[in-house]
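Q: Mind looking at a prediction? Sequence and model below.
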Amino acid sequence: MKRVAVVGPTGSGKTALGIELALRVGGEVISCDSRQVFLEMDIGTAKPSRTQRNAVRHWMLDVLQPTRLFSAGEFAAQARDALQALPQRGPAWLVGGSGFYLKAFLDGIDLRRHYPPPEPALRRRLETEIGLLGQGFAYEQLRRLNAERALSVHPNDRYRIVRSLEAVLVSGGAFAAASKGQNPQDAEEPACLILGLRPEKEWLTRRLRTRAEGMLKEGLLEEVRRLKERGFHRFPPFCLTTGYPEALSVVQGERTLVWLIEAMVLAHLRLAKKQMTFLRHKIPGIVWVNAKEPLPDALERVRHFLEG
């Protein structure tokens, strides 16, 4: 089955383009989003609407409760299972802003096979060190021991810093190299066309502001309040998802709605910059299309790819 990926920064229109292409060409969508995998985190993650999901079937949405992070390796394995279950009509559409997830899928990374088993005593020691010396110290330690692995972990992602340090120390520093590998069938799999949306900053800023206002109208604060009542605000998926910590400060009466909209725009712009940096440097062969009017160019390239 041929595969077509639609990538780009948050708010650039990936979901709408992927669905429109699937409606015209056929096929189903495998979501490549590190936050849309979580149940109950719908509005703040810009998850496809029920109408959109009824129009085109989506996979890898609402996979698990928001109580732990979902690794790229776990995603790659489950996404490959989904790929095998897709009907043989139309391509598989890989749509989402998590470039690391897409790369894991395309590279055949399955960290479930390669992650060393947890070492509770070692993890407690690492947590104690972070408490005493700070998260920045732990990240620098990871970068010193395994620079390749450190590049795939955000300096503010405490959970993955600890888990990666644990894995690196247990494996003697060879974790990152051991976690990569091509699946045997990869050589027989067809190439993947990767379409990229590269918006201008001013245009994207306007879209992000409109989206933030729309999220509030749809009930973002109520969603955050429900997540808080269930205690999910203490777990990494909530804390590390852009927009949720900001909205929580409004729910708790610490900030205003006016502040929230601007804070969400700025936070998502920072995320967009990181996403574009990853896409440009880590995923080769992206075919960039006009973000403002992507459909005509994207549709032509897809049809040419599928006919080839």
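A: Perfect, thanks for sending it.

Q: which residues of this protein score low on pLDDT?
A: 109-118, 152, 172-190 (pLDDT under 70).

Q: Break down it into its strands, ranges please.
A: 3-7, 28-31, 58-59, 92-95, 192-197, 287-289 (DSSP state E).

Q: In this structure residue 123 contacts residue 166, no?
A: Yes - using Cβ atoms under 8 Å, residue 123 is in contact with residue 166, at 5.5 Å. (C-beta placed from N, C-alpha, C; glycine too.)

Q: In terms of packing, which of these two has more residues around it?
A: Legend: neighbour count by other Cβ atoms under 10 Å for residue 123 and residue 166, higher for residue 166 (21 against 14).

Q: Show me which positions of the longest helix anywhere in the chain end up buried.
A: Longest helix in the chain by number of residues, with DSSP state H as the criterion: helix 257-282. Across helix 257-282, burial judged by 16 or more other Cβ atoms under 10 Å covers 260-261, 263-265, 267-269, 271-272, 275-276, 278-279.

Q: so what are the domain limits for the protein?
A: The chain breaks down by automatic domain parsing into domains covering 3-111+181-307, 116-178.

Q: right, so those: which one is the most enclosed?
A: Burial of the domains of the chain is given as mean neighbour count (mean count of other Cβ atoms under 10 Å); domain 3-111+181-307 ranks first at a mean of 18.

Q: Just the C-alphas of stretch 31-44, formatted as CSV.
A: Only the C-alpha atoms of stretch 31-44 are listed here, as CSV (Å, rounded to 0.1, in the frame of the first residue of the first chain):
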residue,chain,number,x,y,z
SER,A,31,-2.8,10.3,12.7
CYS,A,32,0.8,11.1,13.4
ASP,A,33,0.2,13.4,16.4
SER,A,34,1.8,12.8,19.8
ARG,A,35,-1.1,14.3,21.7
GLN,A,36,-4.2,13.3,19.7
VAL,A,37,-3.5,9.7,20.8
PHE,A,38,-5.0,10.6,24.3
LEU,A,39,-8.6,10.3,25.2
GLU,A,40,-10.5,13.3,26.5
MET,A,41,-7.9,15.8,25.2
ASP,A,42,-9.9,16.8,22.2
ILE,A,43,-10.3,20.6,21.8
GLY,A,44,-6.9,21.6,23.0
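
Q: For the closest residue in space to residue 257 that isn't next to it in sequence, give its distance to residue 226.
A: Excluding its sequence neighbours, the residue lying closest to residue 257 (Cβ to Cβ, 6 or more residues apart in numbering) is residue 250, at 6.4 Å. Per Cβ to Cβ, to the nearest Å, residue 250 is found 14 Å from residue 226.

Q: Quickly list what the residue nearest to residue 83 when sequence neighbours are not counted is bridged to.
A: Sequence neighbours aside, residue 92 is the residue nearest to residue 83 in space, at 5.6 Å (criterion: Cβ to Cβ, 6+ apart). Bridge pairing for residue 92 (DSSP bridges) gives the partners residue 3, residue 28.

Q: Use 34 as the first number from now on
A: With 34 as the first residue, the last one maps to residue 125.

Q: need the contact list for residue 125.
A: 34, 35, 36, 37, 60, 61, 63, 116, 119 (Cβ atoms under 8 Å, 6 or more residues apart in numbering).
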